[in-house]
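Engineer: Could you look at this predicted model? Sequence included:
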2 protein chains.
Amino acid sequence: MASKKKTTIKDIANVLGITPSAVSKALSNHPRISDKTKTAVLQIAQNLNYQPNHLASALRKGKSNLVGVIIPKANSHFFSSIIEKIEDVLNEKGYNVIIAQSNESYKKECKSIDALLYTQVDGIIASMANETVKLDYYEKIKSKGIPLILFDRGENDLNVDYVGIDDYLSSHMVIEHLVEQGCKRIAHIAGFSHTRIYKNRIRGYRDALEKFGLPIEESLIIESNLGIEDGRRIMRQLLELKNKPDAVYAAGDYAALGALQVLQENHIDAPKDIALVGFTNEPFTSLVTPSITSVEQHSEQIGKVAAETLLKRLGSPNEKVSLNKLILPAELIIRSSSKKVNI
Amino acid sequence: MASKKKTTIKDIANVLGITPSAVSKALSNHPRISDKTKTAVLQIAQNLNYQPNHLASALRKGKSNLVGVIIPKANSHFFSSIIEKIEDVLNEKGYNVIIAQSNESYKKECKSIDALLYTQVDGIIASMANETVKLDYYEKIKSKGIPLILFDRGENDLNVDYVGIDDYLSSHMVIEHLVEQGCKRIAHIAGFSHTRIYKNRIRGYRDALEKFGLPIEESLIIESNLGIEDGRRIMRQLLELKNKPDAVYAAGDYAALGALQVLQENHIDAPKDIALVGFTNEPFTSLVTPSITSVEQHSEQIGKVAAETLLKRLGSPNEKVSLNKLILPAELIIRSSSKKVNI
DNA sequence: TATTTTTGTTCAAACGTTGAAACAAATATA
DNA sequence: TATATTTGTTTCAACGTTTGAACAAAAATA
């Protein structure tokens, strides 16, 4: 079968009686190659079904045209649509994208980083695992001079480009909305405060309460991993308080969903008895009954901007471009779970 | 900064006063290299922070250790957990995984295939886009002699290894369950019959009805893309029939969810009035109320077997191993939406 | 016609690693 | 002690492409 031996630039050269180097130049449209040769080369290349050997050219050029993307989990609309957008933008410019999932594990994240470095990616776009507190592996990327862009889950200490939303302001939007609905005791199912975005959401929550003259009660702020089970557990915990909240703001949609389930199991009406707001605007928030109010982060936009920022870095390497901290606007999507009927 | 020039095998050789080739052999634990040199090399490699250049070794060895995975959309538990498992198995053996999403588009799928081939992947694991009917690009993979494994969405005509579940039997399980619940008029929200898996689900549905002595009515079988909107549209259509069904079997969970929404909007009780069964066991099926009965395909298992099958091909290339058609068992997860209370 | 410029191509080295073959030294076997 | 074997290393070419320099021929300029 013809499948065994791949055709190389050399084969084309032989057919035409010219040198491989001429073929190479012809293929890359070098100005000094005659149009005659160029068309001839293209023709033969087609005939022989020539496919350039990326490995060889990458080696020679010291550039792999591969970009690594590290995400906690592809299994969410948020991340998968970001990836889709990143692919769009980078493919357009001739880059291919390698996706690695950390599964929220620090160890897996480190392995992924090593794998990407080993594959000689030209750049990395990443969102950190929840678990990650040590930044050594990210420092490693930086120290190799490989452009690194963080999105969503970033870390200020790293001093790299970042794309995300204004979590602090988003919390304000949420609280403002709930206050407008007449809520006075707003609980916060929070993410772990060692992660920047969750810390900011907590800060925003506190400051907003203060702004609206509501008291801050520590018993109403509970940190977790924001999974469904966390939401269930914490909601139960909140319902056991002598003084129950009249609203719950969860920093993640899955936690919000868990909370909703517990409310329904206890025949507590959302939004009438307790209003509920989530975060991330996962598709299911609009599918469950009642639909859940949530914060849309415009993931495609985040993906687009992250990819474009990387391209900028790749275009002008080791240039001392000042750091980009790109904060995109978020949007509160108001649904049934927080619309008090009596208002 | 030290980041600019990467240390190579040559640098290590220079430090130790030996040849690059000796270093290479030491690093790959060649038996003829003395332990003394080996430890020395390892030591210096560490000191100089040496990272092997994958590109060079891949070029030389004619093997990239990269495997491409093509999926329609990462945004589902089914596909993302398959990927996770594939990564597990392949990373273990020193392979890295490149993920490409086709977004159910034939054009994007073709582009992805080209990108993977260009990147010189050693093998490809793929699940075909719904849209795909022309197999030319998959033939291209085959013709290059690159191992190809299909899963879930496969195609018999391609003559390649396949991993999936027994769709025909799964339909039988569903119908049997519904019949046990006393259902007599079972509608089928089907996938497009040009796709093998959906064709088989339809065949299973028909044959099972026949087996249980139930009439087959063409008006109760409607093909679609199985999105939420499709489910809604088709459910409305079914409710307009003079003779309504008493059960609906959807070949996809999203379609089932859409159907459920329409039932609730029309105050039709599931399962009492109309029982409902979905397919794929997406996480949300257990989260909505009522929870939706669905078919679990054991995605991790599919991922594991697909990866292992590829490894087998990579291990013994161009060997005439007979084709593997691996059909794994599926499982019906019975939930509220199909449990008739009066039985 | 002599000289410069332009055009189209070839030459040769490089990218970093690998592995077969060659080789010398050390060790074992006769 | 002479010869065979083993051990540890070096030599060298190769993987396929790219690129700057060199070169000859053709075209333009003087």
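Structural biologist: That came in fine, so what should we check first? Being a predicted model, the structure only gives us computed values, none of them experimental. Numbering: from 1, shown residues only, chains lettered A, B, ... in the order given.

Engineer: Can you show me the strands along the stretch 151-300 of chain A?
Structural biologist: A:161-165, A:186-191, A:221-224, A:247-250, A:275-277, A:294-296 (DSSP state E, counting those that start in this stretch).

Engineer: Check these for me and report the most buried one.
Structural biologist: strand A:247-250 (a mean of 30; mean count of other C-beta atoms under 10 Å in any protein chain shown). (Glycine included, C-beta is placed from N, CA and C.)

Engineer: wait, does it make contact with chain B?
Structural biologist: No - between strand A:247-250 and chain B, judged by C-beta under 8 Å from any C-beta of the partner chain, nothing touches; the nearest distance is 14.7 Å.

Engineer: and that strand, which strands flank it?
Structural biologist: strand A:186-191 (parallel), strand A:275-277 (parallel) (DSSP bridges).

Engineer: Now render those as TSV, adding distance to A:T7 and mean pLDDT.
Structural biologist: Formatted as TSV, the strands paired with strand A:247-250 follow (distance: least, C-beta to C-beta, whole Å; pLDDT from 0 to 100):
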stretch	distance to A:T7	mean pLDDT
strand A:186-191	54	98
strand A:275-277	60	98
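
Engineer: rewinding a little: and the strands of the stretch 151-300 of chain A: which comes nearest DNA strand D?
Structural biologist: strand A:161-165 (26.8 Å; C-beta to the nearest atom of the strand).

Engineer: Return the list of strands paired to that closest one, each annotated with direction.
Structural biologist: strand A:148-151 (parallel), strand A:325-328 (parallel).

Engineer: Make JSON lines from these and add mean pLDDT and distance to DNA strand C to it.
Structural biologist: As requested, those are exported to JSON lines (pLDDT from 0 to 100; distance: least, C-beta to the nearest atom of the strand, whole Å):
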{"stretch": "strand A:148-151", "mean pLDDT": "96", "distance to DNA strand C": "21"}
{"stretch": "strand A:325-328", "mean pLDDT": "94", "distance to DNA strand C": "33"}
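
Engineer: quick one on the thing from earlier: need the strands paired with strand A:247-250 in a markdown table with distance to DNA strand C, can you?
Structural biologist: As requested, these are exported to a markdown table (distance: least, C-beta to the nearest atom of the strand, whole Å):
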| stretch | distance to DNA strand C |
| --- | --- |
| strand A:186-191 | 41 |
| strand A:275-277 | 53 |
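
Engineer: a markdown table please, covering those strands and showing distance to B:P31.
Structural biologist: Formatted as a markdown table, these follow (distance: least, C-beta to C-beta, whole Å):
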| stretch | distance to B:P31 |
| --- | --- |
| strand A:186-191 | 52 |
| strand A:275-277 | 65 |
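
Engineer: Out of the ones you listed, flag the one nearest B:K63.
Structural biologist: Among the strands paired with strand A:247-250, the nearest to B:K63 by C-beta to C-beta is strand A:186-191 (42.5 Å).

Engineer: what does that closest one contact?
Structural biologist: When contacts are defined by C-beta atoms under 8 Å, 6 or more residues apart in numbering or on different chains, strand A:186-191 is touched by residues A:130, A:175, A:178-179, A:197-198, A:201-202, A:205, A:209, A:214, A:220-226, A:230-231, A:234-235, A:238, A:245-252, A:255-256, A:259.

Engineer: which of those residues are buried?
Structural biologist: Buried by 16 or more other C-beta atoms under 10 Å in any protein chain shown: A:130, A:175, A:178-179, A:197-198, A:201-202, A:205, A:209, A:214, A:220-224, A:226, A:230-231, A:234-235, A:238, A:245-252, A:255-256, A:259, out of the contacts of strand A:186-191.

Engineer: A:E139 falls within a helix, correct?
Structural biologist: Yes - under DSSP: H, G, I helix; E, B strand; the rest coil, A:E139 sits within a helix.

Engineer: Can you check the pLDDT for the nearest residue to A:I165 once chain neighbours are set aside?
Structural biologist: Leaving out its chain neighbours, the residue that sits closest to A:I165 by C-beta to C-beta, 6 or more residues apart in numbering or on different chains is A:A330, at 4.2 Å. Looking at A:A330, its pLDDT reads 96.

Engineer: what residues are up against A:A330?
Structural biologist: Taking C-beta under 8 Å, 6+ apart, one finds A:165-166, A:169-170, A:173, A:295-298 in contact with A:A330.

Engineer: Show the contacting residues for whichever residue of the stretch 201-343 of chain A sits closest to chain B.
Structural biologist: Nearest to chain B, among the residues of the stretch 201-343 of chain A, is A:F284, at 5.2 Å (C-beta to the nearest C-beta). Shown in contact with A:F284 (C-beta under 8 Å, 6+ apart): A:253, A:257, B:284, B:287.

Engineer: So in that sheet, which strands flank the helix or strand of chain A with the lowest mean pLDDT, and in what orientation?
Structural biologist: The helix or strand of chain A with the poorest confidence is strand A:96-101; it has a mean of 88 (mean pLDDT, DSSP states H and E). Sheet pairing for strand A:96-101, assigned by DSSP bridges, gives strand A:66-71 (parallel).

Engineer: Kindly report the residues of the stretch 101-250 of chain A close to chain B.
Structural biologist: Close to chain B, as judged by C-beta under 8 Å from any C-beta, the stretch 101-250 of chain A has residues A:101, A:103, A:111, A:115, A:117-120, A:143-145, A:228.

Engineer: Just the closest of those residues to chain B, please.
Structural biologist: A:G145 (3.8 Å).

Engineer: and that closest one, helix, strand or coil?
Structural biologist: Applying three-state DSSP: A:G145 is coil.

Engineer: any idea of the pLDDT on it?
Structural biologist: Reported pLDDT for A:G145: 89.

Engineer: Now the phi/psi pair for it, please.
Structural biologist: Dihedral angles of A:G145 (phi, psi; degrees, to the nearest 10) stand at phi 80, psi 20.

Engineer: Neighbours of it, how many?
Structural biologist: 15 (other C-beta atoms under 10 Å in any protein chain shown).

Engineer: For it, give its distance to A:Y118.
Structural biologist: 16 Å (C-beta to C-beta, to the nearest Å).

Engineer: What of A:I83?
Structural biologist: 21 Å.

Engineer: A:T309 now?
Structural biologist: Counting by C-beta to C-beta, the gap from A:T309 to A:Y118 is 24 Å.

Engineer: Once you drop chain neighbours, what's closest to A:K134?
Structural biologist: Per C-beta to C-beta, 6+ apart, closest to A:K134 is A:Y106, 7.1 Å.

Engineer: Please parse chain A into its domains.
Structural biologist: Segmentation of chain A into domains, based on automatic domain parsing, reads A:9-52, A:65-164+A:299-328, A:167-297+A:332-338.

Engineer: The ones you listed into CSV, with extra columns for distance to B:A22?
Structural biologist: Converted to CSV, the domains of chain A look like this (distance: least, C-beta to C-beta, whole Å):
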stretch, distance to B:A22
domain A:9-52, 31
domain A:65-164+A:299-328, 22
domain A:167-297+A:332-338, 47
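
Engineer: how about those domains, which one is nearest B:N47?
Structural biologist: Closest to B:N47 of the domains of chain A is domain A:65-164+A:299-328 (C-beta to C-beta; 14.9 Å).

Engineer: first to last residue in the closest one, what's the distance?
Structural biologist: Taking C-alpha to C-alpha, to the nearest Å, domain A:65-164+A:299-328 runs 28 Å from one end to the other.

Engineer: And for stretch A:261-278?
Structural biologist: Terminal residues of stretch A:261-278 lie 13 Å apart, using C-alpha to C-alpha.

Engineer: List the buried residues of that stretch.
Structural biologist: Of all the residues in stretch A:261-278, those buried under the rule 16+ other C-beta under 10 Å are A:261-263, A:270-271, A:274-278.

Engineer: Can you tell me which of those is closest to DNA strand D?
Structural biologist: Using C-beta to the nearest atom of the strand, these come closest to DNA strand D at A:G278, 49.2 Å.

Engineer: What residue, apart from its backbone neighbours, is nearest the closest one spatially?
Structural biologist: Nearest to A:G278 is A:A256, by C-beta to C-beta, 6+ apart, at 3.2 Å.
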